[in-house]
Each structure stands twice: as C-alpha cells, then as structure tokens.
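Enquirer: Just to be clear, the model below is a prediction. Sequence and coordinates:
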Amino acid sequence: MKDILIIMKKELVRFLTDKRMLVTLFMPGVLIYIMYSLMGGLLTDMTTVDEGHKPVVLTVNSSEIVAQMLTSSGAELTEVTDIEKAKDDIANENADVLLVFSENFDSKVMQYDVSQGKAPDVEVFYNSASANSSEAYSIVYALLDTYESSLSNKFDINGNVDVSYDLTSDEDMAAMFYSSLMPMLLLMLLFTGASAITPESIAGEKERGTMATLLVSPVSRTKIALGKVFSLSVIALVSGASSTAGTLLALPKLIEGSGADISSVYTVNDYITVAPVILSTVLFVVTLMSILSTYANTVKEAQMISSPFMMISIAIGVLSMAGMEGGHNVYMYLIPLYNSSMCLGDIFSLAPNSVGLLVTCVSNIVYAALGVLAMTKMFDSEKVMFRL
C-alpha cells in the first residue's frame with residue numbers, strides 16, 4: 001500500500017505543481033460556464049418578445065369580425081392594398097403579420113355551406129425569424145382557429161380557462177429535462193477530463209523516457225498500475241467536478257424560462273446516490289484511457305487512439321436523450337458506460353433503480369480491476385512498452 005501511495009503522491013504533485021496542467025483541469029469548467037451562459041443569453045434574446053410590444057397586423061380585404069377580435073386582443077390593424085409591399089414590411093420586421101382575406105369574406109362565411117365546394121379563405125403571412133412576428137402569428141392563428149370552430153361548434157373541449165388540464169408538475173417536467181440531458185453531459189465531461197490527463201501521465205512518461213526508470217524500480221508493476229489509476233482518477237474527478245459545476249451554474253441561464261429549476265427538484269440524497277455511479281465510472285474510464293495510453297508511444301498517439309472512445313461515450317449518452325424508459329433488464333447494467341448512462345437517467349428522473357445501481361457500481365469496479373491486470377501485463381511486455 002505504501003508503494004501505491006508513493007506513486008499516487010508523485011503523480012498528484014506533478015500535476016498540481018504544473019501550471020499548464022492546472023489550467024487544463026479547470027479551464028473546461030470556466031469555458032463551459034461562459035459558453036453556455038452566452039448561448040442562453042443569445043437564445044433568450046432571439047426568442048423573447050419586446051416588452052410592451054403590440055402586434056402590428058396588416059390586412060387586405062379586412063374582415064370586420066376578425067378585426068374586432070384582433071383589436072380586442074391588443075393588436076394594431078392597418079388596411080393595405082399593395083400585398084407585395086406588405087410582404088416586404090413583414091420580411092423587414094416593420095410589421096408582424098399580413099392577413100389576406102378573400103373578397104366579401106364575412107358575408108361569404110355566413111352564407112357558406114359545405115356542399116358548395118371551396119370555402120372562403122384567409123392567408124396569414126409572417127416572419128419566423130422575428131420573435132415579435134412569431135408571437136403575433138400564434139395570437140392571430142389562435143383567434144382565427146377559435147372563430148372558425150365557433151361557426152359549427154357543437155361542444156367544448158377543456159373549455160374552462162381557469163382549470164389546468166395538464167396534471168404534470170413542474171418537478172416532473174424538470175426531472176424529465178435533466179434525466180435526458182445530464183447522462184450525456186456527465187459522461188462527456190468525465191471522458192474529457194480523463195483524456196486530458198491520462199496520455200500525459202503514461203504515454204508522456206514513455207515519450208520522455210522516465211517510464212523505463214520507473215519500471216526498473218523495486219516497486220511491482222501492479223502497484224505502479226494501481227498508483228497511476230488511483231491518482232489519475234482523483235485528478236479526473238477534480239476536472240469533471242469543475243466542468244460539472246460550470247455546467248450546472250450555466251444551465252439556469254441556458255434554459256431560462258423553461259421552468260426546469262434543478263434546485264427545487266433534487267435533494268442531497270439524490271446527489272449522494274449519483275456519487276458512487278460517478279466514482280465507479282471515473283475509475284473505469286481512467287483505467288480504459290490508461291490502457292490506451294500504455295499502448296501508445298507518444299501523447300499525440302494516445303490522444304488519437306482515445307478519440308473514438310470519446311465519440312462512443314457521447315453516442316451512449318445521447319441514448320438517454322432519446323427517451324430511455326425505466327424498467328431495464330438487469331443484464332443491461334453490466335454493459336460498460338451504458339450502465340452508467342442508464343443509472344444517471346434513472347436517478348435524474350427521480351426513479352432510481354437500486355439493483356441497477358448496485359450492479360453498475362460493482363461491474364464498473366470489476367472492469368477497472370481487470371483493466372489494471374491488463375495494464376500490469378502490458379508493463380511486463382517490452383514489446384508494448386518500448387516498441388519502435
């Protein structure tokens with residue numbers, strides 16, 4: 001155990017005293033926070049209607065009935081004759097919506113019978129690139145739809161405007177959002193942290209020639225492998241924690257207005273449940289990346305070899321965003337990375353699977369142990385460690 005601690009101390013001191021590596025550890029979290037915050041601000045600006053804005057509606061062959069409905073809703077109506085110029089005004093955001101009614105629209109509507117064939121129509125033009133125009137279009141379309149329905153309405157559906165017919169709570173909506181997003185983000189961040197440090201620790205030492213000195217020391221190869229994996233896991237956790245913190249701090253800005261408030265949904269117990277999944281996943285990921293780094297001769301080669309695994313981890317995380325449901329078969333929790341994604345999805349959807357959680361954590365640790373044995377064998381092989 002003493003030798004393992006010595007190896008760990010050596011690795012931790014080297015990383016924590018290297019300013020370049022410290023920047024590598026914490027910079028992703030800072031960049032994620034800045035990037036997500038800016039994205040959230042831009043998305044909010046793009047989708048937010050100007051405060052106090054009244055929809056500007058241009059009409060051709062205006063309908064008196066529709067005009068009264070629109071005026072009552074707060075819209076400003078202007079009758080025009082040049083349709084092309086009106087379309088240009090919509091495109092240039094000088095107006096919000098253009099309504100083109102067929103001639104004598106009101107009288108034709110009142111006299112219309114289904115057996116007569118084509119009904120009188122109204123064309124609605126708007127600019128989807130403008131938040132004001134899109135909002136105005138929604139209002140106008142809803143009013144027209146309501147008016148059309150009222151002409152032959154026989155019964156009402158959900159007619160009481162004071163009653164909320166959607167029984168989903170805000171907590172359930174937030175849980176659904178985070179359960180689809182967080183597995184992918186956490187797997188991606190953990191892989192990013194591990195891939196940033198592992199090549200430098202093993203392939204980097206091979207490249208600098210210091211690995212040969214370490215291997216001829218009286219310390220067993222197994223202890224060297226364990227010391228490397230444990231120290232790299234600690235550093236990867238720090239990097240992952242930094243990135244996760246940046247993500248969680250920026251998410252409220254990114255999803256502003258969605259109502260998905262993470263602080264009101266999850267308790268300390270939920271985060272405690274997440275901890276063993278993260279720890280066991282980091283142990284497995286670092287071991288996997290260490291094996292790849294041991295095989296490589298240079299840091300660049302190690303990074304190149306690890307890239308496909310990064311893509312695989314993102315793809316696995318995306319499966320959670322595709323709406324994976326609970327009730328998975330137990331054997332599915334034996335699949336590396338996929339099991340962690342499922343567990344995180346279960347926890348963030350407020351439906352943790354205790355059996356799945358146990359199987360995931362144990363299997364990840366077992367896979368990591370097998371990986372350490374594989375690293376030991378690779379350390380014993382001169383063909384692997386010193387191949388030209």
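Expert: Cool, the structure landed.
Enquirer: Excluding chain neighbours, give the residue nearest to Phe348 in space.
Expert: The shortest distance from Phe348 to any non-neighbouring residue, by Cβ to Cβ, 6 or more residues apart in numbering, is to Ser179 (4.0 Å). All C-beta atoms are positioned from the backbone trio N, CA, C, and that covers glycine.
Enquirer: Ok, Met304 next?
Expert: Nearest non-adjacent residue to Met304 (Cβ to Cβ, 6+ apart): Ala296, at 8.0 Å.
Enquirer: Quick check: the one you found touching Glu205?
Expert: No: contact criterion Cβ atoms under 8 Å: Ala296 and Glu205 do not qualify, at 11.4 Å.
Enquirer: I'd say the residue nearest to Phe348 and Cys343 touch.
Expert: No: judged on Cβ under 8 Å, Ser179 makes no contact with Cys343 at a distance of 11.0 Å.
Enquirer: quick one: low-confidence ranges for the stretch 101-250 of the chain?
Expert: In the predicted model of the stretch 101-250 of the chain, residues 113-117, 151-174, 240, 243-250 satisfy pLDDT under 70.
Enquirer: Tell me which stretches of it form helices.
Expert: Under the criterion DSSP state H, counting those that start in this stretch, the stretch 101-250 of the chain contains helices at 105-111, 131-151, 170-201, 203-208, 210-215, 221-254.
Enquirer: So which of those helices is nearest Leu350?
Expert: For those, proximity to Leu350 was assessed by Cβ to Cβ; helix 170-201 is nearest, at 4.8 Å.
Enquirer: give me the element Lys383 is part of.
Expert: Here Lys383, judged by DSSP states H and E, is contained in helix 382-385.
Enquirer: Buried ones in that helix, by neighbour count?
Expert: Met385 (16 or more other Cβ atoms under 10 Å).
Enquirer: That helix packs against which elements?
Expert: Judged by 3 or more Cβ pairs under 8 Å, 6 or more residues apart in numbering; DSSP states H and E, the packing partners of helix 382-385 are helix 210-215, helix 268-295, helix 354-380.
Enquirer: can you rerun that using 7 Å?
Expert: With contacts taken as 3 or more Cβ pairs under 7 Å, 6 or more residues apart in numbering; DSSP states H and E, helix 382-385 sits against helix 354-380.
Enquirer: Can you list the low-confidence ranges for the stretch 251-388 of the chain?
Expert: Using pLDDT under 70, the stretch 251-388 of the chain drops low at 251-265, 320-328, 386-388.
Enquirer: quick one: the residue nearest to Phe348 from Val274, how far?
Expert: Relative to Val274, Ser179 is positioned 12 Å away (Cβ to Cβ, to the nearest Å).
Enquirer: and the two? which has more neighbours close in?
Expert: Counted by other Cβ atoms under 10 Å, Ser179 and Val274 do not tie: Ser179 has more neighbours, with 22 against 19.
Enquirer: Contact partners for the more buried one?
Expert: Applying Cβ atoms under 7 Å, 6 or more residues apart in numbering, we find Ser179 in contact with 345, 348-349.
Enquirer: who wins for neighbours among these?
Expert: Of these, with other Cβ under 10 Å as the count, Gly345 tops at 28 neighbours.
Enquirer: Just to check, that one is in contact with Pro183?
Expert: Yes: using Cβ atoms under 7 Å, Gly345 is in contact with Pro183, at 5.0 Å.
Enquirer: which residue packs closest to Gly317, ignoring adjacent ones?
Expert: Met184 (2.9 Å).
Enquirer: again with Leu186
Expert: Per Cβ to Cβ, 6+ apart, closest to Leu186 is Leu344, 6.0 Å.
Enquirer: Remind me what the helix or strand where the one you found lies packs against, helices and strands.
Expert: Secondary-structure element containing Leu344, defined by DSSP H and E: helix 338-348. Using 3+ Cβ pairs under 7 Å, 6+ apart as the contact test, the elements touching helix 338-348 are helix 170-201, helix 268-295, helix 299-321, helix 354-380.
Enquirer: Would you mind giving those helices as a markdown table with distance to Asp18 added?
Expert: A markdown table is the format used below for the helices and strands packed on helix 338-348 (distance: least, Cβ to Cβ, whole Å):
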| stretch | distance to Asp18 |
| --- | --- |
| helix 170-201 | 9 |
| helix 268-295 | 17 |
| helix 299-321 | 14 |
| helix 354-380 | 23 |
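Enquirer: between those, which gets nearest to Asp3?
Expert: Taking the helices and strands packed on helix 338-348 one by one with Cβ to Cβ, helix 354-380 is closest: 13.5 Å.
Enquirer: Pull the distance from that closest one to the chain's centre.
Expert: Its chain's C-alpha centre and that of helix 354-380 lie 28 Å apart, by Cα atoms, centre = their mean, to the nearest Å.
Enquirer: next one: stretch 220-239 to chain centre, how far?
Expert: 29 Å.
Enquirer: Show which residues not belonging to that stretch make contact with it.
Expert: Contacts for stretch 220-239 (Cβ under 7 Å, 6+ apart): 3-4, 7-8, 11-12, 15, 25, 28, 190, 193-194, 196-198, 201-202, 214, 282-283, 286-287, 290, 372, 375-376, 379-380.
Enquirer: How about stretch 137-151?
Expert: So stretch 137-151 is contacted by 55, 57, 66, 69-70, 73, 97, 99, 122, 124, 126 (Cβ under 7 Å, 6+ apart).
Enquirer: And for stretch 95-111?
Expert: Residues contacting stretch 95-111 (Cβ under 7 Å, 6+ apart): 55-65, 83, 86-87, 89-90, 120-126, 132-133, 136-137, 140.
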